[in-house]
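> Pasting a predicted model and its sequence here:
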Amino acid sequence: TGLPGVGLGRVVLLGAGGAGSAAAHALRGLGTTDLAVVDTDAAAAARLARKVDAEHGTPADLPRLLAYADGLVHATPTGMAAHPGLPLPEALLDPRLWVAEIVYRPLDTALLRAARSRGCHTLDGGRMAVYQAVDAFALFTGVAPDADRMIRHFAELVGAEEDDRAPSR
């Protein structure tokens, strides 16, 4: 896992779309017992919460929910290159929380930067992108790919992309 040793008991999931649904099921599989699904679309949050036997709420509930959480998983488009910004007020990022991001483009989102600056352990969305590809490759070909090799290759690609964006001297 990308955040070894962190508590998984109480997690807030921000986003109830496709990525949020996948994250909710993965969190349950990892042993999260107290899951809260939060979305600006209260009906979507309630639907997903029913499917995974979780609490649900709106962004207004975040202060209460995060006060007792071990971690936050962000699964909305906010922070993507075309949707810059933070998905929640930075003041809610308490250093006892870990923060996992689903967004992988850019890899280092405003949320991750804010969380690190407040002392949170963080996980970028790179593994989500790679493991989605791992599962798709296995499904389409029937061959189990080397996930570790794919993670290393992804890191190389991201590093090369960052080098290309750096100003020349």
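Thanks, I have the structure now.
> what residue lies at the spatial centre of this protein?
With the centre of the chain defined as its mean C-alpha position, the nearest residue by C-alpha atoms, centre = their mean is Glu101, 2.8 Å away.
> can you tell me which residues contact it?
Taking C-beta atoms under 8 Å, 6 or more residues apart in numbering, we find Glu101 in contact with 74, 79, 109, 111-112, 122-125. To be clear about C-beta, it is placed using only N, CA and C from the backbone, and glycine gets the same treatment.
> Just the buried ones out of these, please.
Among the contacts of Glu101, the ones that count as buried by 16 or more other C-beta atoms under 10 Å are 74, 79, 109, 111-112, 122-125.
> Just put the residues you listed in CSV and tack on secondary structure.
Formatted as CSV, these follow (DSSP: H, G, I helix; E, B strand; the rest coil):
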residue, secondary structure
His74, strand
Gly79, coil
Thr109, coil
Leu111, helix
Leu112, helix
Thr122, strand
Leu123, strand
Asp124, coil
Gly125, coil
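> Give me the mean pLDDT for the biggest helix by length in the chain.
Ranked by residue count under DSSP state H, the longest helix found in the chain is helix 147-165. For helix 147-165, mean pLDDT rounds to 83.
> Now that helix - C-alpha only, CSV.
Taking Å, rounded to 0.1, in the frame of the first residue of the first chain, the C-alpha atoms of helix 147-165 are listed here in CSV:
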residue,chain,number,x,y,z
ALA,A,147,2.4,-4.0,-11.4
ASP,A,148,5.7,-2.9,-9.8
ARG,A,149,7.3,-2.5,-13.2
MET,A,150,4.3,-0.4,-14.3
ILE,A,151,4.5,1.8,-11.2
ARG,A,152,8.2,2.4,-12.0
HIS,A,153,7.5,3.2,-15.6
PHE,A,154,4.7,5.6,-14.6
ALA,A,155,7.1,7.4,-12.3
GLU,A,156,9.6,7.7,-15.1
LEU,A,157,6.9,9.1,-17.4
VAL,A,158,5.8,11.6,-14.8
GLY,A,159,9.4,12.6,-14.2
ALA,A,160,10.0,13.2,-17.9
GLU,A,161,6.8,15.2,-18.2
GLU,A,162,7.8,17.4,-15.3
ASP,A,163,11.3,17.9,-16.8
ASP,A,164,9.6,18.9,-20.1
ARG,A,165,7.6,21.6,-18.3
